[in-house]
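> Dropping a prediction and its sequence here:
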Amino acid sequence: MAEASEFVLCAMLIGAGATAFMDVCALLRHWLRGTSLPDYGLVGRWCYHVAHGRFHHASIVAAARVRGERVIGWSVHYLVGIAFAFTLLVLWGIEWARRPTVGPALIVGVGSVAAPFLVMQPAMGAGIASRRTPHPAAARLRSVVAHAFFGVGLYAAACVVRLMAL
């Protein structure tokens, strides 16, 4: 397989796999600890409004609902996961996917929490790092934990992809 094709395929499989791992972990935390599940419909609502020129909301929950917001949100969630896997491969090279190690995966996974802290949460009305929510510290911890699971998922998905390639 040409290296460019391998790179793209690995980014897609690792990113989607890591995102699925993150989602399974969220479900397990919900079932075992009663934590709330992320509402990717709100992400879809925000993305729809961004496409129509509105980037900031006082509260995305109060913004007008849009048709297909859940599909949009879940699609964006997985595309962003793939983009972070792509970033991992850009930074550490395709060799990382051929011989994955946990360090780079955790760096990118935990580092990816900057996206919600600095972009999504402020734009959706929660403030930088959820400072405008009723329990900012708890919201921050949930975000960091979720993105740490994403990092573990990057490593696990890369190991699975490597095994499939053998």
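Alright, I've got the coordinates.

> mind checking how far S59 is from W46?
According to C-beta to C-beta, to the nearest Å, S59 stands 11 Å off from W46. Heads up, the C-betas are built off the backbone N, CA and C, glycines and all.

> Mind listing the shared neighbours of these two?
Residues touching both S59 and W46 by C-beta atoms under 8 Å, 6 or more residues apart in numbering: M124.

> More neighbours: which of these two?
W46 (25 against 11; other C-beta atoms under 10 Å).

> how about stretch 158-166: buried residues?
Buried residues in stretch 158-166, counting neighbours by 16 or more other C-beta atoms under 10 Å, are found at A158, C159, V161.

> Likewise for stretch 29-49?
By neighbour count on 16+ other C-beta under 10 Å, the buried set for stretch 29-49 is 29, 35, 38, 40-49.

> Could you tell me which of the residues you listed are located in helices?
If you go by DSSP state H, these have R29, Y40, G41, L42, V43, G44, R45, W46, C47, Y48, H49 in helices.

> the helices in the chain, which residues?
3-33, 40-51, 69-92, 94-98, 102-111, 114-115, 121-123, 136-165.

> other SSEs contacting the fourth one?
Based on contacts counted as 3 or more C-beta pairs under 8 Å, 6 or more residues apart in numbering; DSSP states H and E, the elements that helix 94-98 packs against are helix 3-33, helix 69-92, helix 136-165.
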